[in-house]
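**Q** sequence first, predicted model second:
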Amino acid sequence: MDCIFCKIAAGQIPCSKIYEDQEVLVILDIGPVSDGHTLVIPKEHCTKVHNCSSQSLSAVMTVLPKIASAVAEAVGADGYNILCNNGRAAGQLVEHLHFHIIPRKTGDGVFNHWPAFKYPQGKAEKIAEEIRARL
Ligand code: AMP
Ligand code: ZN
(Lines give C-alpha, C1' and ligand atoms only; values in the text may rest on other atoms or scores of the structure.)
(Ligands and ions follow the chains in the order given, each with its own letter.)
Protein backbone atom coordinates (compact mmCIF):
# COMPACT_ATOMS: atom_id res chain seq x y z
CA MET A 1 0.00 0.00 0.00
CA ASP A 2 1.32 3.41 -0.94
CA CYS A 3 0.83 5.10 2.42
CA ILE A 4 3.47 7.41 3.83
CA PHE A 5 2.58 6.78 7.48
CA CYS A 6 2.54 2.99 6.98
CA LYS A 7 6.00 3.34 5.43
CA ILE A 8 7.22 5.44 8.36
CA ALA A 9 5.75 2.90 10.82
CA ALA A 10 7.57 0.12 8.93
CA GLY A 11 10.86 2.02 9.18
CA GLN A 12 11.09 2.53 5.41
CA ILE A 13 11.08 6.35 5.61
CA PRO A 14 12.99 8.34 8.24
CA CYS A 15 11.20 10.45 10.83
CA SER A 16 11.85 12.35 14.04
CA LYS A 17 10.47 9.68 16.34
CA ILE A 18 9.23 10.68 19.77
CA TYR A 19 7.53 7.50 21.00
CA GLU A 20 6.57 4.08 19.77
CA ASP A 21 4.75 1.07 21.17
CA GLN A 22 3.07 -1.93 19.54
CA GLU A 23 0.10 0.08 18.30
CA VAL A 24 1.11 3.72 18.21
CA LEU A 25 3.80 5.85 16.60
CA VAL A 26 4.48 9.47 17.58
CA ILE A 27 6.61 11.70 15.33
CA LEU A 28 7.32 15.36 14.72
CA ASP A 29 5.34 16.81 11.82
CA ILE A 30 7.65 17.56 8.89
CA GLY A 31 5.71 20.75 8.08
CA PRO A 32 4.98 22.22 11.52
CA VAL A 33 2.59 25.09 12.16
CA SER A 34 4.35 25.69 15.50
CA ASP A 35 7.50 24.39 17.20
CA GLY A 36 6.90 20.89 18.51
CA HIS A 37 3.92 20.13 16.21
CA THR A 38 3.53 16.39 16.72
CA LEU A 39 1.56 13.59 15.09
CA VAL A 40 0.11 10.66 17.03
CA ILE A 41 -0.53 7.83 14.58
CA PRO A 42 -2.06 4.35 15.00
CA LYS A 43 0.22 1.81 13.32
CA GLU A 44 -2.80 0.00 11.90
CA HIS A 45 -3.80 1.59 8.59
CA CYS A 46 -7.21 3.24 8.79
CA THR A 47 -8.30 6.44 7.15
CA LYS A 48 -10.75 8.07 9.54
CA VAL A 49 -11.90 7.92 13.16
CA HIS A 50 -15.06 6.02 12.22
CA ASN A 51 -13.24 3.21 10.39
CA CYS A 52 -10.43 2.69 12.87
CA SER A 53 -10.56 -0.23 15.30
CA SER A 54 -11.49 0.47 18.92
CA GLN A 55 -8.20 -1.12 19.92
CA SER A 56 -6.12 1.31 17.85
CA LEU A 57 -8.21 4.28 18.90
CA SER A 58 -7.96 3.44 22.55
CA ALA A 59 -4.19 2.89 22.23
CA VAL A 60 -3.89 6.35 20.67
CA MET A 61 -6.07 7.95 23.34
CA THR A 62 -4.13 6.24 26.09
CA VAL A 63 -0.81 7.82 25.06
CA LEU A 64 -2.20 11.18 23.90
CA PRO A 65 -2.31 12.95 27.31
CA LYS A 66 1.26 12.02 28.24
CA ILE A 67 2.59 13.03 24.81
CA ALA A 68 0.62 16.30 24.78
CA SER A 69 1.94 17.23 28.20
CA ALA A 70 5.57 16.45 27.24
CA VAL A 71 5.28 18.36 23.94
CA ALA A 72 3.75 21.43 25.58
CA GLU A 73 6.33 21.47 28.37
CA ALA A 74 9.26 20.91 25.98
CA VAL A 75 8.46 23.98 23.89
CA GLY A 76 7.11 26.15 26.73
CA ALA A 77 3.61 26.25 25.24
CA ASP A 78 0.74 28.04 26.99
CA GLY A 79 -1.73 25.55 25.50
CA TYR A 80 -2.22 23.14 22.62
CA ASN A 81 -4.77 22.03 20.07
CA ILE A 82 -5.53 18.38 19.33
CA LEU A 83 -6.70 18.23 15.74
CA CYS A 84 -7.83 15.30 13.62
CA ASN A 85 -8.79 16.00 10.02
CA ASN A 86 -11.17 13.43 8.57
CA GLY A 87 -11.66 13.57 4.81
CA ARG A 88 -10.33 15.86 2.11
CA ALA A 89 -13.03 18.46 2.78
CA ALA A 90 -11.79 18.70 6.37
CA GLY A 91 -8.19 19.26 5.28
CA GLN A 92 -6.94 15.66 5.49
CA LEU A 93 -4.03 15.23 3.09
CA VAL A 94 -2.56 11.99 4.44
CA GLU A 95 -5.25 9.32 4.36
CA HIS A 96 -3.95 7.42 7.38
CA LEU A 97 -5.58 8.52 10.63
CA HIS A 98 -3.48 10.83 12.77
CA PHE A 99 -3.95 13.32 15.58
CA HIS A 100 -2.05 16.59 15.46
CA ILE A 101 -0.78 18.08 18.72
CA ILE A 102 -0.20 21.75 17.99
CA PRO A 103 1.55 23.69 20.76
CA ARG A 104 0.19 27.21 21.18
CA LYS A 105 1.50 30.44 22.64
CA THR A 106 -0.82 33.19 23.79
CA GLY A 107 -1.62 35.47 20.85
CA ASP A 108 0.31 33.38 18.30
CA GLY A 109 -2.51 33.70 15.75
CA VAL A 110 -2.07 30.12 14.50
CA PHE A 111 -5.83 29.61 14.15
CA ASN A 112 -7.29 33.08 14.21
CA HIS A 113 -10.31 32.36 12.01
CA TRP A 114 -13.14 30.45 13.71
CA PRO A 115 -16.24 31.10 11.60
CA ALA A 116 -18.88 30.67 14.31
CA PHE A 117 -22.51 31.52 13.55
CA LYS A 118 -25.92 31.16 15.18
CA TYR A 119 -28.54 28.58 14.09
CA PRO A 120 -31.84 29.99 12.94
CA GLN A 121 -34.86 29.03 15.08
CA GLY A 122 -35.50 25.24 15.08
CA LYS A 123 -32.49 24.20 13.01
CA ALA A 124 -30.30 22.96 15.86
CA GLU A 125 -33.04 20.62 17.15
CA LYS A 126 -33.68 19.30 13.61
CA ILE A 127 -29.99 18.54 13.07
CA ALA A 128 -29.68 16.95 16.53
CA GLU A 129 -32.64 14.68 15.69
CA GLU A 130 -31.08 13.67 12.33
CA ILE A 131 -27.87 12.73 14.13
CA ARG A 132 -29.61 10.80 16.94
CA ALA A 133 -31.59 8.82 14.32
CA ARG A 134 -28.31 7.50 12.90
CA LEU A 135 -26.72 6.30 16.12
P1 AMP B 1 -3.45 16.27 7.39
O2 AMP B 1 -3.66 17.49 6.55
O3 AMP B 1 -4.25 16.27 8.66
O4 AMP B 1 -3.61 14.99 6.60
O5 AMP B 1 -1.95 16.35 7.89
C6 AMP B 1 -0.90 15.62 7.33
C7 AMP B 1 0.34 16.07 8.04
O8 AMP B 1 1.37 15.14 7.79
C9 AMP B 1 0.86 17.45 7.57
O10 AMP B 1 0.91 18.33 8.68
C11 AMP B 1 2.23 17.11 7.01
O12 AMP B 1 3.18 18.12 7.28
C13 AMP B 1 2.57 15.81 7.71
N14 AMP B 1 3.50 14.96 7.01
C15 AMP B 1 3.45 14.58 5.71
N16 AMP B 1 4.48 13.78 5.41
C17 AMP B 1 5.21 13.65 6.56
C18 AMP B 1 6.41 12.97 6.89
N19 AMP B 1 7.07 12.24 5.99
N20 AMP B 1 6.88 13.06 8.15
C21 AMP B 1 6.21 13.80 9.07
N22 AMP B 1 5.08 14.46 8.82
C23 AMP B 1 4.58 14.40 7.58
ZN1 ZN C 1 -1.25 3.78 6.25
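**A** The structure has been received and is ready for your questions. Ligands and ions are numbered 1, 2, ... in the order given.
**Q** does stretch 24-34 reach ligand 1?
**A** Yes. Using CB under 6 Å from any ligand atom, stretch 24-34 reaches ligand 1 at 27, 29, 30, 31. From N, CA and C alone the C-beta is placed, and that goes for glycine too.
**Q** Serialize these to a markdown table and add fields for distance to residue 90 and secondary structure.
**A** As requested, the residues of stretch 24-34 next to ligand 1 are arranged in a markdown table below (distance: CB to CB, whole Å; DSSP: H, G, I helix; E, B strand; the rest coil):
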| residue | distance to residue 90 | secondary structure |
| --- | --- | --- |
| 27 | 21 | strand |
| 29 | 17 | coil |
| 30 | 20 | coil |
| 31 | 17 | coil |
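**Q** just the buried ones from those?
**A** By neighbour count, with 16 or more other CB atoms under 10 Å, the residues of stretch 24-34 next to ligand 1 hold 27, 29 as buried.
**Q** CSV for the residues of stretch 24-34 next to ligand 1, including distance to residue 97 and pLDDT?
**A** Formatted as CSV, these follow (distance: CB to CB, whole Å; pLDDT from 0 to 100):
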residue, distance to residue 97, pLDDT
27, 14, 98
29, 15, 98
30, 17, 98
31, 18, 98
